[in-house]
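1. coords please:
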Amino acid sequence: MLPPRLCTMRRLPSVLARTLTSGTNGSPVLPDMAEGHLPIHVNDVRSRLRDIVGASTNWRDHVQAMQERKALHTLLAKRQEDLPPRRMKDSYLEVILPLGSQPEIREKYLNVHNSVRFGRILEDLDSLGVLICYTHTKQEMQPRSPLSIVTALVDKINLCKKIIYPDGDIKFTGNVSWVGKTSMEVKMHMLQLHDGDYSPVLDATFVMVARDPENKRPAFVNPLVPETPEEEEIFKQGELNKLKRIDFSTASLLKMAPTAEERNIVHDIFLNTLDTRTVSFRSRKLPPNSVWMEDAKLKGLQICHPQERNIFNRIFGGFLMRKAFELGWATACSYGGSRPFIVSVDDIMFQRPVEVGSLLLLSGQVCYTEKNYIQVRVHSEVYDADTREHQTTNIFHFTFMSENEVPQVVPKTYGESMLYLDGKRHFAAVMKEI
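-> All right, here's what the predicted structure looks like:
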C-alpha cells in the first residue's frame with residue numbers, strides 16, 4: 001500500500017465541488033472556485049487550444065498557420081504593468097474524463113492490468129495546464145492569443161492512489177497559482193468518482209512559460225492578485241517553490257561536488273564491493289542481493305511523426321512524458337521482477353523542443369533503490385542523422401513502488417556514483433513531500 005499520509009485526504013462533494021481539499025503535500029485549502037464553471041470534456045481541450053492559437057489540424061498547412069501568427073507580434077504587451085491583473089478563479093477550469101459514463105472512450109486509457117494508463121493522464125495534465133494558462137492570459141478583444149505557452153517544468157506529481165480504475169469518471173481541476181514576469185505555476189488536481197463522491201487521486205504542479213508568437217523570445221503575462229488569506233498562502237508557496245528549484249539546481253552534482261556525507265556513502269559502497277581476495281582497486285565484487293547499475297537500464301527509440309505534434313508544430317510534451325514514463329515503468333518492472341506502481345513524478349525539465357521528424361532516443365536507468373522503492377531516471381535526446389550529433393531534450397525522474405523488496409542497485413564508476421547520489425536526493429525529496 002502507499003504511505004498512509006497519501007491516503008488520508010477527505011472525499012470531495014459531487015460533480016461541481018464546492019471546495020477542494022488540501023494537496024497531498026500539505027498545501028493550503030484552495031478557495032471556492034467551482035461555482036459557475038461548467039466542466040469541459042477532455043476531448044475538447046486540445047481543440048480549444050488550436051482555436052486559441054489558430055493552429056491547423058492538417059500537417060500540410062502548418063507552415064502557413066505559423067506564418068499567420070507572426071502578425072500577432074503587435075498584440076504583445078511591452079510591459080507586464082500594461083496587462084490587467086487576474087484572480088486565481090479567473091483561470092480555474094474543470095475537465096471531465098468520463099471513463100465510467102462513456103465506456104466507448106475507455107480503451108485508449110486501458111492497460112493490460114485493467115487499470116488506467118498513467119502515461120495518458122500525463123498527456124491530459126499537460127494539455128490542461130496549457131489551457132489554464134491561456135485562460136489566465138485571455139484578452140476579450142483578441143480572438144487569437146499572441147502568446148506561445150509551453151511547458152517548462154513538471155515540478156512534481158504526487159499520487160495518493162495505488163491504482164486508477166477504468167470504470168469511474170475522472171475530474172481534473174486546476175488554476176494558475178503563481179505568476180512571475182513571463183512564467184506561470186499551475187496547480188492541478190485529479191479526482192475519481194467512487195460511490196457517488198469524487199475522491200483525490202493526485203496533485204500536480206507544472207511551470208509554464210509564455211513566449212512570442214514565433215516561440216523565440218519571452219513574453220509578459222498578466223499579473224496574479226491573491227484575494228484571500230488562503231490564496232496569499234498559495235501564492236507564497238509558489239514563490240518558495242521557485243526558490244527551492246533554484247537551490248536544487250545550484251547544488252546539482254553537475255556543478256558542485258558531493259557533500260561530505262555523500263562522499264562517505266560513495267566510499268562505503270566502494271569498500272563493500274572490493275574483492276577481499278586481492279589487493280587491487282580494480283577488482284570489484286557484487287554484494288549479495290545487489291545489481292550493478294550498468295545492468296539496470298533499458299533503452300528505446302521513437303520516430304517523431306506529425307501525428308504527435310503540439311499546437312506549435314513541435315512534438316507534444318505530454319507525448320514525451322508518456323513515452324518516458326512507459327520506459328521508466330518497464331525499467332522498474334524488469335528490475336524488480338513484479339508490477340511497479342508510480343508514487344511520484346518530479347523535476348521534469350524541458351530543456352529544448354523536439355522537432356517533428358526527430359529520432360528520439362530514450363534511456364531508462366535505475367539509479368537508486370530503498371526497500372521496495374525504485375528511483376528511475378529517464379534521459380531523452382534527439383539524434384541528428386545529418387550532423388550525427390546528440391542533444392539532450394529532457395530528464396525525467398520517476399519514483400516507483402514494487403510489490404516486493406527489490407535488490408540494491410550498486411554503482412561501479414564515479415559517474416554512476418553521481419547518478420546514485422542524484423537519485424537518492426530525488427527520492428529523499430519525494431519522501432519528504434508525502
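
2. where are the low-confidence patches of the stretch 1-150 of the chain?
-> 1-36 (pLDDT under 70).

3. switch the cut-off to 90
-> 1-38, 50-75, 139-144 (pLDDT under 90).

4. what's the first helix or strand after the longest strand belonging to the chain?
-> In the chain, assigned by DSSP state E, the strand with the most residues is strand 197-211. As assigned by DSSP states H and E, the chain's next helix or strand after strand 197-211 is helix 229-250.

5. could you give the angle of that next one to strand 197-211?
-> Using axes from the mean of the first three to the mean of the last three Cα atoms, to 10 degrees, the inter-axis angle of helix 229-250 relative to strand 197-211 is 60 degrees.

6. what helices or strands is helix 229-250 leaning on?
-> For helix 229-250, the helices and strands in contact under the criterion 3 or more Cβ pairs under 8 Å, 6 or more residues apart in numbering; DSSP states H and E are strand 148-159, strand 170-179, strand 183-194. Where C-beta positions appear, they are placed from N, C-alpha and C, glycine not excepted.

7. list the buried residues for the helix or strand following it?
-> Using DSSP H and E, the helix or strand that follows helix 229-250 in sequence is helix 260-272. Residues of helix 260-272 classed as buried: E262, V266, I269, F270 (neighbour count, 16 or more other Cβ atoms under 10 Å).

8. per-residue confidence at R284?
-> The confidence metric pLDDT takes the value 85 at R284.

9. same question but for E389, I mixed them up
-> 87.

10. repeat that for P306.
-> 87.

11. what do you get for the one 3 residues further on?
-> Note for R309: predicted pLDDT of 85.

12. all strands of the stretch 251-400 of the chain, in order?
-> For the stretch 251-400 of the chain, applying DSSP state E, counting those that start in this stretch gives strands covering 290-292, 297-303, 341-350, 359-370, 373-384, 389-401.

13. so what strands line up beside the longest one?
-> The partner list of strand 389-401 in its sheet, established with DSSP bridges, is strand 341-350 (antiparallel), strand 373-384 (antiparallel).

14. contact partners for E214?
-> By Cβ atoms under 8 Å, 6 or more residues apart in numbering, the contact list for E214 reads M66, R69, K70, H73, S148.

15. so which of the residues you listed are in helices?
-> Secondary structure assignment by DSSP state H places M66, R69 of these in helices.

16. okay, which residue is most central for this protein?
-> V154 (3.7 Å; Cα atoms, centre = their mean).

17. and that residue, what does it touch?
-> Taking Cβ under 8 Å, 6+ apart as the test, what V154 contacts is A204, T205, F206, V207, M321, V345, D346, D347, I348.

18. next one: L110
-> V116, R117, P166.

19. from P166, how far out is it?
-> 5 Å (Cβ to Cβ, to the nearest Å).

20. overlap in contacts, the two.
-> Contacts common to L110 and P166, judged by Cβ under 8 Å, 6+ apart, are V116.

21. mind putting the strands paired with strand 389-401 into TSV with distance to V179 and mean pLDDT?
-> Formatted as TSV, the strands paired with strand 389-401 follow (distance: least, Cβ to Cβ, whole Å; pLDDT from 0 to 100):
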stretch	distance to V179	mean pLDDT
strand 341-350	19	92
strand 373-384	29	95
